[in-house]
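Chemist: Following is a predicted model, sequence given first.
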Amino acid sequence: MSVNGRLISPDVFEETVRLLAAAQDADVPVRVLGGMAIVLHVGDLLHPAFRRQIRDIDLATPRRAGRRVADFLTEQGYTPNKTFNAMHGARRLLFYDEPNDRQIDVFVGSFEMCHQLPLEERLDLEPTTLPLAELVLTKLQIVKLNQKDAYDLYSLLLTHEVAEGDNETINAARVAELCGADWGLYRTVQLNLERLRTAFSAPELSGAEMQRILDRVRELEQAIERAPKTTKWKLRARVGDRVRWYEDPEEVEKGAY
């Protein structure tokens, strides 16, 4: 489908690949996150149990490139949410592919939903997506974790080892470092790792596959508990659950611009 002279594919996977190639050609630094990033990382190893429809595209970019990304997406045929972008553009941008009823969400410099995750310094570690540690954390930081998000985490944990680096492994040291600096993030991640062990299941998996996931959940838990905690973390831990430790992100409706 041609929009503003650009060919936007109705297939979300094909459109993501097209956008990444166009961004590389234009020297616009973007990385994919969300469900599409998991599909790109897992590839042919994606278990049938975890396949799902993905409607929208989520991107991240450094702060220095926010305006360039906005111009790039407009040139590619996407319609900006002008009101939202004017108010929040330093941290987040919204664009729409109206004919395909699709949204592009751009996180600028950091990922901010229930918790804030710094992205800037690590965006260059992967050519197309966020690093695996950050992909895992964008899911683990969700306070109201649902089955879709749990299955996304299962998919990553089934196909990627937990280690101390970023070479196609989930960097436990990075996860632990961020949790050790922010008690609120730590608390939500702690609760969600427990939920992955006890509140969700995937009957289509073999016993060995499920055990592999659970072992890697335990490796993350142990790394987080072993990591040093900041003074700020320790002070906030004294308050505990008596004060809400997370944000309640507002959903922006499509067409609200």
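Modeler: That came through, no problem.
Chemist: okay, CA-based contacts and neighbour counts for the rest of this
Modeler: Will do.
Chemist: Tell me how far the strand or helix carrying Val17 lies from the chain's centre.
Modeler: Element membership of Val17, judged by DSSP states H and E, is helix 12-25. The chain centroid and the centroid of helix 12-25 are separated by 18 Å under Cα atoms, centre = their mean, to the nearest Å.
Chemist: Show me what it is packed against.
Modeler: Helix 12-25 is packed against no helix or strand, with contacts defined by 3 or more Cα pairs under 8 Å, 6 or more residues apart in numbering; DSSP states H and E.
Chemist: which outside residues touch it?
Modeler: By Cα atoms under 8 Å, 6 or more residues apart in numbering, the residues outside helix 12-25 that reach it are Ile8, Ser9, Pro29, Val30, Arg31, Met36, Ile54, Arg55, Asp56, Ile57, Phe72, Thr128.
Chemist: Phi first, then psi, for the residue lying closest to the third one once chain neighbours are set aside.
Modeler: The shortest distance from Pro29 to any residue that is not its chain neighbour, by Cα to Cα, 6 or more residues apart in numbering, is 6.0 Å, and that residue is Thr61. When quoted as degrees, to the nearest 10, the phi and psi of Thr61 stand at phi -150, psi 160.
Chemist: who's in contact with Thr61?
Modeler: Here Thr61 is in contact with Pro29, Val30, Arg31, Val69, Val106, Phe107, Val108, Gly109, Glu120, Leu123 (Cα under 8 Å, 6+ apart).
Chemist: Include distance to Gly165 when you put these into JSON lines, please.
Modeler: Formatted as JSON lines, those follow (distance: Cα to Cα, whole Å):
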{"residue": "Pro29", "distance to Gly165": "23"}
{"residue": "Val30", "distance to Gly165": "22"}
{"residue": "Arg31", "distance to Gly165": "19"}
{"residue": "Val69", "distance to Gly165": "29"}
{"residue": "Val106", "distance to Gly165": "26"}
{"residue": "Phe107", "distance to Gly165": "24"}
{"residue": "Val108", "distance to Gly165": "24"}
{"residue": "Gly109", "distance to Gly165": "22"}
{"residue": "Glu120", "distance to Gly165": "18"}
{"residue": "Leu123", "distance to Gly165": "15"}
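Chemist: Show me the shaky parts of the chain.
Modeler: 1-6, 250-257 (pLDDT under 70).
Chemist: Quick one: the helices in it, in order.
Modeler: For the chain, the helices defined by DSSP state H cover 12-25, 34-42, 66-75, 82-88, 132-140, 147-159, 172-181, 183-198, 207-226, 231-239.
Chemist: buried residues in the first one?
Modeler: What it means is helix 12-25. Val12, Phe13, Thr16, Val17, Leu19, Leu20, Ala23 (16 or more other Cα atoms under 10 Å).
Chemist: What of the last one?
Modeler: Of the residues in helix 231-239, Trp233, Arg236 count as buried by neighbour count, 16+ other Cα under 10 Å.
Chemist: next one: the longest one
Modeler: When burial is assessed from 16+ other Cα under 10 Å, helix 207-226 yields the following buried residues: 209-210, 212-218, 220-221, 223-224.
Chemist: quick one: that helix to helix 147-159, angle?
Modeler: 90 degrees (axes from the mean of the first three to the mean of the last three Cα atoms, to 10 degrees).
Chemist: Quick one: list the elements packing against helix 207-226.
Modeler: Under the contact rule (3+ Cα pairs under 8 Å, 6+ apart), helix 207-226 is packed against helix 147-159, strand 162-163, helix 172-181, helix 183-198.
Chemist: same check, this time on the second one
Modeler: In terms of contacts (3+ Cα pairs under 8 Å, 6+ apart), helix 34-42 is packed against strand 57-61, helix 132-140, helix 147-159.
Chemist: which of these sits most buried?
Modeler: strand 57-61 (a mean of 24; mean count of other Cα atoms under 10 Å).
Chemist: got the angle for it vs helix 12-25?
Modeler: Using the same axes, to 10 degrees, strand 57-61 lies at 20 degrees relative to helix 12-25.
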